[in-house]
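>>> Coordinates only, no sequence provided:
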């Protein structure tokens, strides 16, 4: 389409459908169609999103105006504007290829654009372009005189006929003659189709039972619409005939005579990616000093004497039980008792509790030092490629976002599942160690907060954290521990 518009080729790639006139009429029938001599604003042609919608959204308002615009001035749109507009219409997912080609030919073909437009006005094409005889008869019946106003009401009584019999005969006569009058009214008007304005019936059989002046007012209103639509349909028939005479000609383009004699060269990317940073050698593992928290709580075992008589009680209840659910409940009690015998609890070493304040402060100091040390080693590892550059150049690289911004959160983000699988195994160990020292620092702060609360302090010391699961298998759990404590 755009190629033909740019090169002003008034041809079709293939012929239009034989019933294009009926097809276009149906599309224009979706809304009231306007036929006037107004030229659409150029802004509408180039920047209106309506062209990307179904043709039923714009054809009724624009078809006649576009035809008049190209008829009045063939270069109303220059070839670039025409190319952009027709390409937009054709690009729509709901475009109608037949209509799009017809719109293009209005602009390119003088023989098509010079076809006379229908008279100005607003057309309701959904009413059809043929006279509807049944509707004419219906109008005649609606305009029928009342019984008292017709000759039937004045029929003379017959000899020996009662008043009721006379009344019934007069009403039968009224119904019969009204039906005949409506049919005659319809037939006389139908014989006049097609004409611009029908003549009223002067047949006495019609005028005696139908208010003809009243009926004709309604008839003319509908008749005018049908006749106007018939003129519009005739215009579309002429237009389709003109489009059918447009030559069909395919477009051929010359292929390049040879392939380019140059070969594309590879070039490195213009930035350093996250994966590039982790191609460096990870930091060496650091030694973990002995924990200062060992011995602050001790294991306690359940006193066997406290449960010594329970087995006998369960045996007695088992003998007395009669229902299945009772036996099932007792079996669960025996399992709980067996578990209780091997249960170990914890309690604070009260001899060392008074010294906890200084101990916890020293533990916190050590944890902060480990976090700082491990973060520094991670930072040095990913910055290996910058070590030999002057400090000024390092700042320039940072400010231009040539490489990812490094921060403590950057390393924790590598624990996400989307990043974890991309890390080499040695780097996974280094990131895990960093996450673990962060959680240890967070626990050290909590110990100081709970040092005067024995219950919470014991619960914190009992907390196993990440010691009962493997952070390598569940890195996001470690990330969750770090993030939860930061909030």
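Received it, and whenever you're ready, just let me know what you need. Small disclaimer: the values here were computed from a predicted structure and weren't measured. Residues are numbered from 1 along each chain as shown.
>>> Give the next helix or strand downstream of the longest helix along the chain.
When the chain is parsed with DSSP state H, its longest helix is helix 212-244. Counting by DSSP states H and E, the element after helix 212-244 in chain order, helix or strand, is helix 274-277.
>>> Any chance you could list what contacts that following helix?
382, 403-404, 406, 419, 422 (C-beta atoms under 8 Å, 6 or more residues apart in numbering). In short, each C-beta sits where N, CA and C put it, glycine included.
>>> could you flag which of these are buried?
382, 403 (16 or more other C-beta atoms under 10 Å).
>>> Which ones among the contacts of helix 274-277 map onto helices?
382, 419.
>>> Kindly reformat the contacts of helix 274-277 as JSON lines and extend each row with pLDDT and distance to residue 293.
Putting these into JSON lines (pLDDT from 0 to 100; distance: C-beta to C-beta, whole Å) gives the following:
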{"residue": "382", "pLDDT": "87", "distance to residue 293": "32"}
{"residue": "403", "pLDDT": "72", "distance to residue 293": "40"}
{"residue": "404", "pLDDT": "80", "distance to residue 293": "37"}
{"residue": "406", "pLDDT": "86", "distance to residue 293": "32"}
{"residue": "419", "pLDDT": "91", "distance to residue 293": "32"}
{"residue": "422", "pLDDT": "91", "distance to residue 293": "35"}
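>>> Now render the contacts of helix 274-277 as TSV, adding distance to residue 278.
TSV is the format used below for the contacts of helix 274-277 (distance: C-beta to C-beta, whole Å):
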residue	distance to residue 278
382	7
403	12
404	11
406	12
419	9
422	8
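>>> Can you tell me which of the contacts of helix 274-277 is nearest residue 176?
residue 419 (93.3 Å; C-beta to C-beta).
>>> so that closest one touches residue 413, yeah?
Yes: the criterion here is C-beta atoms under 8 Å, and residue 419 meets it with residue 413 at 6.5 Å.
>>> Can you tell me the SS state at residue 193?
coil (DSSP: H, G, I helix; E, B strand; the rest coil).
>>> Enumerate every residue touching the closest residue to it other than its chain neighbours.
If you skip the residues right next to it in sequence, residue 193 has residue 131 as its closest partner in space, 4.2 Å away by C-beta to C-beta, 6 or more residues apart in numbering. Residues in contact with residue 131 (C-beta under 8 Å, 6+ apart) are 189-190, 193-194, 223, 226.
>>> Next one: residue 212 relative to residue 187, how far apart?
14 Å (C-beta to C-beta, to the nearest Å).
>>> same question but for residue 242, I mixed them up
The gap separating residue 242 from residue 187 is 38 Å, by C-beta to C-beta.
>>> what about those two, which has more around it?
residue 242 (18 against 15; other C-beta atoms under 10 Å).
>>> name the element the residue nearest to the more buried one when sequence neighbours are not counted belongs to?
Nearest residue to residue 242, sequence neighbours excluded (C-beta to C-beta, 6+ apart): residue 112, at 4.8 Å. Assigned by DSSP H and E, residue 112 falls within helix 110-113.
>>> Number of residues surrounding the residue lying closest to residue 384 once chain neighbours are set aside?
Leaving aside its chain neighbours, residue 384 sits nearest to residue 280 (4.8 Å; criterion: C-beta to C-beta, 6+ apart). Residue 280 has 15 neighbours, counted by other C-beta under 10 Å.
>>> Check residue 232 too.
Using other C-beta under 10 Å, residue 232 has 22 other residues around it.
>>> Next: residue 440.
Residue 440: 20 neighbours (other C-beta under 10 Å).
>>> what do you get for residue 417?
10.
>>> need the contact list for the closest residue to it other than its chain neighbours.
Once flanking residues are discounted, residue 417 sits nearest to residue 476: 5.9 Å by C-beta to C-beta, 6+ apart. In this structure, residue 476 makes contact with 415-417, 420, judged by C-beta under 8 Å, 6+ apart.
>>> Got a quick ChimeraX command for the buried subset of those?
Of these, the buried ones go into a single ChimeraX selection, burial set by 16+ other C-beta under 10 Å:
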select :415,420
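>>> Could you tell me how far residue 94 is located from residue 359?
Residue 94 is 76 Å from residue 359, by C-beta to C-beta.
>>> Those two: who's more crowded?
residue 359 (16 against 10).
>>> what's the pLDDT at the more buried one?
As predicted, residue 359 sits at a pLDDT of 83.
>>> in what helix or strand does it lie?
Counting by DSSP H and E, residue 359 is part of helix 356-382.
>>> number of nearby residues for residue 215?
Residue 215 has 23 nearby residues by other C-beta under 10 Å.
>>> isn't it right next to residue 138, touching?
No: the pair residue 215 / residue 138 is not scored as a contact, 10.2 Å apart, by C-beta under 8 Å.
>>> Show me how this protein divides into domains.
1-144+211-252, 277-301+347-484, 303-342 (the TED database).
>>> Single out the most deeply packed of these.
domain 1-144+211-252 (a mean of 17; mean count of other C-beta atoms under 10 Å).
>>> average model confidence for that domain?
Here the average pLDDT along domain 1-144+211-252 is 88.
>>> How far away from the center of its chain is it?
From the chain centre to the centre of domain 1-144+211-252 is a distance of 32 Å (C-alpha atoms, centre = their mean, to the nearest Å).
>>> Identify those among the contacts of residue 476 that sit within helices.
Short answer: the contacts of residue 476 in helices (DSSP H) are 417, 420.
>>> Check which helix or strand the residue nearest to residue 417 maps to.
Here residue 476 is assigned to helix 475-486, by DSSP H and E.
>>> Likewise for residue 9?
Per DSSP H and E, there is no helix or strand for residue 9.
>>> That one contacts residue 108, doesn't it?
Yes: counting by C-beta under 8 Å, residue 108 is a contact partner of residue 9 at 6.9 Å.
>>> any idea how far residue 248 is from residue 87?
21 Å.
>>> actually residue 117, not the one I typed
Applying C-beta to C-beta to residue 117 and residue 248 gives a distance of 26 Å.
>>> for residue 448, same thing?
Taken as C-beta to C-beta, the span from residue 448 to residue 248 is 89 Å.
>>> again with residue 366
Counting by C-beta to C-beta, the gap from residue 366 to residue 248 is 88 Å.
>>> Strands of this protein, start to end?
Shown for the chain, the strands assigned by DSSP state E span residues 33-35, 121-123, 297-301, 344-348.
>>> quick one: contacts of the first one?
Applying C-beta under 8 Å, 6+ apart, the contact partners of strand 33-35 are 59-61, 63-65, 117-125, 232.
>>> Next, the contact list for the residue most central in space within the chain, please.
Centroid-nearest residue in the chain, with C-alpha atoms, centre = their mean: residue 93, separated by 15.3 Å. By C-beta under 8 Å, 6+ apart, no residues touch residue 93.
>>> With residue 118 instead?
Here residue 118 is in contact with 35, 64, 228, 231-232, 234-235 (criterion: C-beta under 8 Å, 6+ apart).
>>> what do you get for residue 358?
No contacts exist for residue 358 under C-beta under 8 Å, 6+ apart.
>>> Roughly how far does it sit from residue 144?
114 Å.
>>> do the same with residue 456
Taking C-beta to C-beta, one finds residue 456 at 98 Å from residue 144.
>>> again, but for residue 3
Per C-beta to C-beta, residue 3 is found 64 Å from residue 144.
>>> what distance separates the helix holding residue 359 from the centre of its chain?
Using C-alpha atoms, centre = their mean, the offset of helix 356-382 from its chain centre is 50 Å.
>>> before we move on, what about stretch 438-447?
Distance of stretch 438-447 from its chain centroid, counting by C-alpha atoms, centre = their mean, is 46 Å.
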